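Asker: Fold the following, please.
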Amino acid sequence: MAPAASATSQVFEQRCIICHQPNAQGVAGLYPPLADSIGYYVRVKDGRQYLVHVLLNGLGGSVVVKGVTYNGLMPQFAYLSDDDIAAALNEVLTRFNSAELPKDLQPITPDQVKAGRAITENSTELMHERAHIYEELKDAGLGASK
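Answerer: As a prediction, this is how the structure comes out:
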């Protein structure tokens with residue numbers, strides 16, 4: 001079960017909004033949009049794990065989202081609780097990516113976050129994981145664009 005809406009809003013507002021903005025559209029060239037861009041990830045085998053890894057380990061370097069290149073630095077949020085990380089991910093998914101989500105979406109759980117902590121990745125490894133997710137999306141015929 002997903003955390004209460006007030007708890008999820010607090011996590012997003014305190015941790016994500018400064019870079020990704022209140023509408024989750026990001027900042028041109030620096031911070032990519034979260035809106036309408038990551039919902040398909042939960043439809044592929046390794047997508048949830050990737051989202052968890054990004055929050056836990058941060059992400060640096062160039063990423064392309066919907067044909068636009070962003071070159072910002074996302075800090076690690078491993079200091080947050082498993083509940084808080086799950087809440088933030090679930091809010092971004094349900095609030096800003098609803099059109100991309102499966103109708104039977106199961107929320108990301110604190111246990112999935114806890115399992116993600118067992119794998120620490122650097123930015124290079126996360127970029128390889130990201131490329132793998134895009135291959136999974138392509139193979140599944142889903143509309144994610146780099």
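
Asker: What ranges in the chain fall below the confidence cut-off?
Answerer: For the chain, the stretches flagged by pLDDT under 70 are 1-9, 143-146.

Asker: tell me the centre residue of it?
Answerer: Central residue of the chain (CA atoms, centre = their mean): Leu51, 4.0 Å from the mean position.

Asker: Packing partners of the helix or strand it falls within?
Answerer: Per DSSP states H and E, Leu51 falls inside helix 47-57. Applying 3 or more CB pairs under 8 Å, 6 or more residues apart in numbering; DSSP states H and E, one finds that helix 47-57 makes contact with helix 82-96, helix 110-116, helix 123-139. (C-beta placed from N, C-alpha, C; glycine too.)

Asker: Give the other helices and strands that the second one contacts.
Answerer: If I follow you right, that is helix 110-116. When contacts are defined as 3+ CB pairs under 8 Å, 6+ apart, helix 110-116 packs onto helix 47-57, helix 82-96.

Asker: before we move on, the earlier item: figure out which of the helices and strands packed on helix 47-57 is closest to Lys66.
Answerer: Lys66 lies closest to helix 123-139 among the helices and strands packed on helix 47-57, at 12.4 Å (CB to CB).

Asker: okay, the closest one in PDB with CA atoms only?
Answerer: What follows is helix 123-139, C-alpha atoms only, in PDB (Å, rounded to 0.1, in the frame of the first residue of the first chain):
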ATOM      1  CA  SER A 123      27.400   6.900 -12.300                       C
ATOM      2  CA  THR A 124      29.000   4.800 -15.000                       C
ATOM      3  CA  GLU A 125      27.300   1.700 -13.800                       C
ATOM      4  CA  LEU A 126      24.000   3.600 -13.500                       C
ATOM      5  CA  MET A 127      24.300   4.800 -17.100                       C
ATOM      6  CA  HIS A 128      24.800   1.200 -18.200                       C
ATOM      7  CA  GLU A 129      21.700   0.200 -16.200                       C
ATOM      8  CA  ARG A 130      19.800   3.100 -17.900                       C
ATOM      9  CA  ALA A 131      20.900   1.900 -21.300                       C
ATOM     10  CA  HIS A 132      19.600  -1.600 -20.400                       C
ATOM     11  CA  ILE A 133      16.300  -0.200 -19.400                       C
ATOM     12  CA  TYR A 134      16.000   1.600 -22.700                       C
ATOM     13  CA  GLU A 135      16.700  -1.600 -24.500                       C
ATOM     14  CA  GLU A 136      14.000  -3.400 -22.400                       C
ATOM     15  CA  LEU A 137      11.500  -0.600 -23.300                       C
ATOM     16  CA  LYS A 138      12.400  -0.800 -27.000                       C
ATOM     17  CA  ASP A 139      12.000  -4.600 -26.900                       C
END
